[in-house]
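Asks: I would like the atomic coordinates for the input below:
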Amino acid sequence: MVEESWYQKENHPKLIVISGPSGVGKDTIARKLIDTDPDRFYFVVTATTRPPRAGEVHGVDYFFYSNDQFAEMIENNDLLEYAVVYNDYKGIPKQQIRDALQSGRDVIMRVDVQGAATIRKLIPNVICVFLTTETEAELVRRLRERKSETIEELNLRIAVARQEMKRIQEFDYWVINAEGRQKRAVREIESIIEAAHCQVRQSPIVL
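Replies: Numbers count the residues shown, from 1 in each chain. Predicted structure coming up:
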């Protein structure tokens, strides 16, 4: 005979936002986190009007839309949040989040710092993780190696990153994605999520 637990704890799927400056590795860490347990985690694919970079795939890395298509999504209230980021629109489609939460999976989102602040206002019980490199020099090196920006665009991203670092106190957790230590960053975020599931008082995510 299987004994019942003497305390039936509520346990709801979590919504985790991974944010931080451009170039810190948000996409990579989020993907590696999903790879640890695809049945448990769901990765939210962001919609954007920017053109794909080399190797990026529509529906996998981003949903790449025209300005008119993006405007229609805004008009239909299909987006949880959206903003202009480096002259292009980015936004989070709502329905994929709802579907993933209903399936019982924890949902992982990677957004910029501005988007994270918006989501926090809309969903107070979201878990917000600020991802950084160890040093500014490391961030600059990563951005240069992408070779996807002009010198002016690179300088802009560095300047924006310095301002975004000042907002770290708005987040719940801070994780360093050090060079060659991605597994550690993933483990730390896994631990954060595990701790959230052990909270005595939990509430469901409501969009």
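Asks: residues near residue 84, how many?
Replies: Counted with other Cβ atoms under 10 Å, the neighbours of residue 84 add up to 10. Just so you know, the C-beta spots here come from the backbone N, C-alpha and C atoms, and that holds for glycine as well.
Asks: ok, now how distant is it from residue 48?
Replies: 11 Å (Cβ to Cβ, to the nearest Å).
Asks: who touches both of those two?
Replies: Common contacts of residue 84 and residue 48 (Cβ atoms under 8 Å, 6 or more residues apart in numbering): residue 90.
Asks: Is the most centrally placed residue in the chain bridged to anything, and to what?
Replies: Nearest residue to the geometric centre of the chain (Cα atoms, centre = their mean): residue 110, 1.6 Å. Assessed by DSSP bridges, residue 110 has beta-bridge partners residue 18.
Asks: got a list of what residue 143 touches?
Replies: Going by Cβ under 8 Å, 6+ apart, residue 143 touches 22, 23, 149, 154, 157, 158.
Asks: From residue 125, how far out is residue 24?
Replies: Per Cβ to Cβ, residue 24 is found 24 Å from residue 125.
Asks: Pick out whichever of the two has more residues nearby.
Replies: With neighbours defined as other Cβ under 10 Å, residue 24 and residue 125 compare such that residue 24 has more, 25 against 16.
Asks: isn't there a helix covering the more buried one?
Replies: No: counting by DSSP: H, G, I helix; E, B strand; the rest coil, residue 24 is not part of a helix but coil.
Asks: three-state assignment of the closest residue to it other than its chain neighbours?
Replies: Excluding its sequence neighbours, the residue lying closest to residue 24 (Cβ to Cβ, 6 or more residues apart in numbering) is residue 131, at 4.9 Å. Assigned with three-state DSSP, residue 131 falls in the strand class.
Asks: Any idea how many residues pack against residue 131?
Replies: The number of residues packed near residue 131 is 23, by other Cβ under 10 Å.
Asks: which ones are touching it?
Replies: Contacts of residue 131 (Cβ under 8 Å, 6+ apart): 18, 19, 20, 24, 25, 26, 29, 175, 176, 177, 185.
Asks: For residue 55, the count of nearby residues, please.
Replies: 6.
Asks: Surely residue 207 and residue 97 touch.
Replies: Yes: with contact defined as Cβ atoms under 8 Å, residue 207 reaches residue 97; the gap is 6.3 Å.
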